[in-house]
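Asks: Any chance you can model this:
(2 chains)
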Amino acid sequence: DAGVTQSPTHLIKTRGQQVTLRCSPKSGHDTVSWYQQALGQGPQFIFQYYEEEERQRGNFPDRFSGHQFPNYSSELNVNALLLGDSALYLCASSSKPGLEAFFGQGTRLTVV
Amino acid sequence: AQSVTQLGSHVSVSEGALVLLRCNYSSSVPPYLFWYVQYPNQGLQLLLKYTSAATLVKGINGFEAEFKKSETSFHLTKPSAHMSDAAEYFCAVSDPGSARQLTFGSGTQLTVLP
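Replies: Below you'll find the predicted structure:
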């Protein structure tokens, strides 16, 4: 079982650019959540996807958007990058909303 | 709104000593509670969870936590620290009625001294 896999592992972008991060959930899981973890802080919930729809959203601007595909994999898109978007982005999957979440290794995004 | 407070951003213990990491929560309904561990440059690994069953929860690697509703606490303990326990630990809460997101504390960095 490959667990939750995220790509890429590291990424450097320039302010104003757009970025797409990808996540493949653990086998048998159909729910994907995204979290942002700034340096020295706990993860903060961005949104959750289930049945290809955004089901819940945290306190993040519309620059953050996502998508879930029929195979349950997911993408996180961030537009008009700011320096403050630099963080570790974590993907978590579960077998349905509300059950135990398994986390991937994360994507380290650096905005310069 | 739910919140989690982890007392002590840094905790140091000697190898073989008791580990105690503190977590207090605020929730309008009986919550689900979790402890996760994060090693450098890695994601989060679930140590244990409380989902309204037994109040004393045993997890992996010898860790356990006790849910105390009267104190709104869910402290993490381990009787004897190992060097390999050095990591960052996060307490998290979710609302079981709408357990679609985790709210995390700010984390406690555990250092184990030889």
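
Asks: Only C-alpha atoms, please: export stretch A:88-95 in PDB.
Replies: These are the backbone C-alpha positions of stretch A:88-95, laid out as PDB (Å, rounded to 0.1, in the frame of the first residue of the first chain):
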ATOM      1  CA  LEU A  88       4.300  22.800   3.600                       C
ATOM      2  CA  TYR A  89       1.100  21.700   2.000                       C
ATOM      3  CA  LEU A  90      -0.200  18.500   3.300                       C
ATOM      4  CA  CYS A  91      -2.800  16.200   1.800                       C
ATOM      5  CA  ALA A  92      -4.800  13.800   3.900                       C
ATOM      6  CA  SER A  93      -7.200  11.100   2.900                       C
ATOM      7  CA  SER A  94      -9.900   9.100   4.600                       C
ATOM      8  CA  SER A  95     -12.400   6.400   3.600                       C
END
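
Asks: Need the pLDDT of the most centrally placed residue in chain B.
Replies: Nearest to the mean C-alpha position of chain B, counting by Cα atoms, centre = their mean, stands B:Trp35 at 3.4 Å. pLDDT for B:Trp35: 96.

Asks: swap in A:Ala101?
Replies: Per-residue pLDDT puts A:Ala101 at 86.

Asks: residues near the spatially closest residue to A:Leu81 that is not a sequence neighbour, how many?
Replies: In this structure, A:Leu81 finds its nearest non-sequential neighbour in A:Val111, 4.8 Å apart by Cβ to Cβ, 6 or more residues apart in numbering or on different chains. Using the backbone N, CA and C atoms, a C-beta is placed for each residue, glycine as well. Other residues near A:Val111 come to 19 when the count uses other Cβ atoms under 10 Å in any protein chain shown.

Asks: Show me where chain B has its strands.
Replies: B:3-5, B:10-14, B:19-21, B:24-26, B:32-38, B:44-50, B:56-58, B:64-68, B:73-78, B:87-94, B:103-104, B:108-113 (DSSP state E).

Asks: Out of these, which gets nearest to A:Gly16?
Replies: strand B:103-104 (29.4 Å; Cβ to Cβ).

Asks: That closest one packs against which elements?
Replies: strand B:3-5, strand B:87-94 (3 or more Cβ pairs under 8 Å, 6 or more residues apart in numbering or on different chains; DSSP states H and E).

Asks: Quick check: bridge partners of the residue nearest to A:Leu81?
Replies: Taking DSSP bridges, one obtains A:Lys13 as the residues bridged to A:Val111.

Asks: What ranges does chain A have for its strands?
Replies: A:5-7, A:10-13, A:19-24, A:31-37, A:44-50, A:53-57, A:64-68, A:74-78, A:87-94, A:102-103, A:107-111.

Asks: got the residues of chain A near chain B?
Replies: Counting by Cβ under 8 Å from any Cβ of the partner chain, chain A comes close to chain B at A:4, A:33, A:35, A:40-45, A:48, A:55-56, A:58, A:90, A:92, A:97-106, A:108.

Asks: ok, back up a step: would you check that the residue nearest to the centre of chain B makes contact with B:Leu47?
Replies: Yes: using Cβ atoms under 8 Å, B:Trp35 makes contact with B:Leu47 at a distance of 4.4 Å.
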